[in-house]
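**Student:** Sequence first, then the predicted structure:
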Amino acid sequence: MSPIAHRLSIPVYLRGLGVLSSYLDKAEAFAASRGVDAKTLVDARLAPDMLNLAGQIQRASDTSKNAIARLTGGAAPRFEDNETSIAELRERIAKTRAFLQSVDEPAFDGSETREIALKTGKLDVTFTGLDFLLQFALPNFFFHVATAHAILRQQGVPVGKTDYLGPFA
């Protein structure tokens with residue numbers, strides 16, 4: 001069994017997706033309290049060449065589900081990246097969480113040493129599974145969670161550090 005890769009991935013991704021879900025709750029409440037269309041928050045971005053809030057959540061979803069598929073040698077569900085509302089983004093997060101929860105620890109057998117090659121855009125690198133998780137997948141996931149946080153903060157949504165860290169059990 002490979003409890004290290006499982007423990008470093010599934011619970012961490014579930015927690016981060018939970019944070020994104022709570023951000024959507026705060027965004028929706030903020031929009032309602034201000035009498036603005038929540039779609040303006042979904043479409044907001046930090047800079048013209050960056051993804052909007054929807055794109056950040058889509059990439060966090062993709063990063064988590066695709067990392068687990070690469071680590072376990074399985075297949076990740078495919079989503080269309082066509083969410084344009086808070087409700088649709090919530091649904092995507094829920095589907096991603098359900099997929100992650102369906103992958104049990106034995107699926108991670110051999111994952112820490114599995115060779116994982118990434119060839120996208122300017123990136124052409126081969127990792128061991130554990131290095132892939134620690135050096136690429138988790139940092140990439142949290143980049144998108146942090147950027148979603150920054151977008152909402154820039155738009156005036158009252159999110160802070162404790163929201164980003166999420167609840168502790």
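**Tutor:** Thanks, I have it.
**Student:** And the strands in this protein?
**Tutor:** Secondary structure of the chain (DSSP state E): strands at 115-120, 123-128.
**Student:** Let me have those strands in CSV, adding distance to residue 136, mean pLDDT and mean neighbour count as columns.
**Tutor:** Quick note: C-beta positions are derived from backbone N, CA and C, even for glycine. Output for these, formatted as CSV (distance: least, C-beta to C-beta, whole Å; pLDDT from 0 to 100; neighbours: other C-beta atoms under 10 Å):
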stretch, distance to residue 136, mean pLDDT, mean neighbour count
strand 115-120, 7, 92, 12
strand 123-128, 7, 94, 12
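**Student:** which one of those lies closest to residue 143?
**Tutor:** strand 123-128 (14.0 Å; C-beta to C-beta).
**Student:** elements contacting the closest one?
**Tutor:** strand 115-120 (3 or more C-beta pairs under 8 Å, 6 or more residues apart in numbering; DSSP states H and E).
**Student:** from what I can see residue 148 touches residue 60, true?
**Tutor:** Yes. Checked against C-beta atoms under 8 Å, the pair residue 148 and residue 60 is within contact range at 7.2 Å.
**Student:** quick one: common contacting residues for these two?
**Tutor:** Listed as contacting both residue 148 and residue 60 by C-beta atoms under 8 Å, 6 or more residues apart in numbering are residue 20.
**Student:** Tell me, how many residues neighbour residue 60?
**Tutor:** Residue 60 has 27 neighbouring residues, counting by other C-beta atoms under 10 Å.
**Student:** Tell me which residue lies nearest the centroid of this structure.
**Tutor:** Nearest to the mean C-alpha position of the chain, counting by C-alpha atoms, centre = their mean, stands residue 60 at 2.3 Å.
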